[in-house]
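Trainee: quick one, fold the following:
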Amino acid sequence: MQFRYAQFFENVKAEIKMRLLRSVILLTLTCCAQITAWAQDRVVESETHRFVEVAKGVWHVSGNGKIHTMSNAMVLVGEFDTLIVDSHVTPSAARTLLDSISAITDKPVRYLVNSHYHFDHAHGNQSFPPGIEIIGHEFTRAKLNGDQGNVLEERTFRSFSDSVPTLVSTLSKEIAEEPDLVKKAELEERLRVQTDYMNAIPEVVPTPPNITLADKMTLFQVVSEGSREIQLLHFGRAHTGGDVVIYLPKEKVAFTGDMMLPGLAYMGDGHVDEWPAALEGLKGLDFDAWLPGHGPVMRSKQPISNFQEYLRDLWDKSNDMHRSGIDWQEAAKQIDMTNHARNYFQIRGPGVDPRAIRRIFELLDNR
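Mentor: Here you go, the predicted model:
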């Protein structure tokens, strides 16, 4: 009898323990689900932009296709002010960015940082409120204030902007010939976006930074937890002569601009021979997420090593062609980078962007 009672109480205790364990597991799963849901819910959509909060007060910003933004931005929200990295491709696009920020904060913009001088990242500068500080590398200021010629006449800008009227004309013809109403509507939306972009280009007045750095600058933004350290770092010439990485050591986030992208970057103004060393500086930072100038938020550092390998290989193969006396146009057709195709969907066979090879040959000619 005593044995049966003892066994009964042991069974009851075991059942209570099991129920408690189930309750703890359920509570844990519920909390995790809530945390995950919160993280997933930190996406805010405006009429023209998508904001993703990668850390508290740190937002990755991209266009949603309603307007032609052409590049990403980053927004840092503090207790009293806001810092924005990059201003999009036109003054009009920048105005929509500034309007959209009200979806995540009512804090005024205090700083604009240019990751580099290229049109798709800095031609919205003029739309920012009077009195704010625009920060960039010394090279970026020299390019945008005209010290090195008119950026609106440079081949990089022209190679993209001059093709827009042709695209608009092509889309108009496709719309006229498209019988499918759904596809026609899609084409009409593309035409609207590209036409708006084409009409916005003449408004551009290159507007340079009024605060510059050579190698490093550190800002501190007041946040609820104290202060946010914002490091502006130049690791050397890469995509341009003045690329700046915006690094947040506490949040472990880096905005890379076009110095590092998920895919292959434009190289028409690049220093391909020096670029891998600059990327080595980026790899030395402690970050969990990097925000590229184009494309989604990235987590792995492996693409950085992949791109370093690509750049070194491209430089070597271009150098071989240059030494053999082949001109850059023919070299661009012959250079075979298919050994890197596993990392880059753009590579489908031999041949490289001619603008990249022309630039490399110019660098080699000046040695």
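Trainee: before we move on, what SS does the residue nearest to Met267 when sequence neighbours are not counted have?
Mentor: If the residues on either side of it in the chain are set aside, Met267 comes closest to Ala356, at 3.7 Å by Cβ to Cβ, 6 or more residues apart in numbering. The way it works is simple: take the backbone N, C-alpha and C, and place the C-beta from them, glycine included. Classification of Ala356 using DSSP: H, G, I helix; E, B strand; the rest coil returns helix.
Trainee: what do you get for Gly236?
Mentor: coil.
Trainee: repeat that for Gln148.
Mentor: Per three-state DSSP, Gln148 ends up coil.
Trainee: for Pro129, give me its contacts.
Mentor: Applying Cβ atoms under 8 Å, 6 or more residues apart in numbering, we find Pro129 in contact with 98, 108-109.
Trainee: then Gln329?
Mentor: Contacts of Gln329 by Cβ under 8 Å, 6+ apart are Pro354.
Trainee: which element, helix or strand, includes it?
Mentor: helix 328-334 (DSSP states H and E).
Trainee: I'd like the average pLDDT over that helix.
Mentor: Mean pLDDT, helix 328-334: 98.
Trainee: ditto for stretch 258-274
Mentor: Stretch 258-274 comes out at a mean pLDDT of 98.
Trainee: and which of the contacts of Pro129 is nearest to Leu76?
Mentor: Using Cβ to Cβ, Val109 comes nearest to Leu76 of these, at 10.5 Å.
Trainee: that closest one bridge partners, please.
Mentor: For Val109, the beta-bridge partners are Thr82 (DSSP bridges).
Trainee: centre-most residue in the chain?
Mentor: By Cα atoms, centre = their mean, the chain has its centre lying nearest to Gly293, at 1.9 Å.
Trainee: and that residue, how far from Pro165?
Mentor: Note on Gly293: its distance to Pro165, by Cβ to Cβ, to the nearest Å, is 25 Å.
Trainee: wasn't Val61 part of a strand?
Mentor: Yes: under three-state DSSP, Val61 falls within a strand.
Trainee: check which helix or strand Ser169 maps to.
Mentor: Judged by DSSP H and E, Ser169 forms part of helix 164-177.
Trainee: quick one: buried ones out of the contacts of Pro129?
Mentor: Buried by 16 or more other Cβ atoms under 10 Å: 98, 109, out of these.
Trainee: nearest to Lys333 among the contacts of Pro129?
Mentor: Nearest to Lys333 among these, with distances taken as Cβ to Cβ, is Leu98, at 43.9 Å.
Trainee: where along this structure do the strands fall?
Mentor: Listed in chain order, the strands found in the chain under DSSP state E are 43-45, 49-55, 58-63, 73-77, 82-85, 109-113, 133-137, 211-213, 216-223, 226-233, 245-248, 253-257, 289-292.
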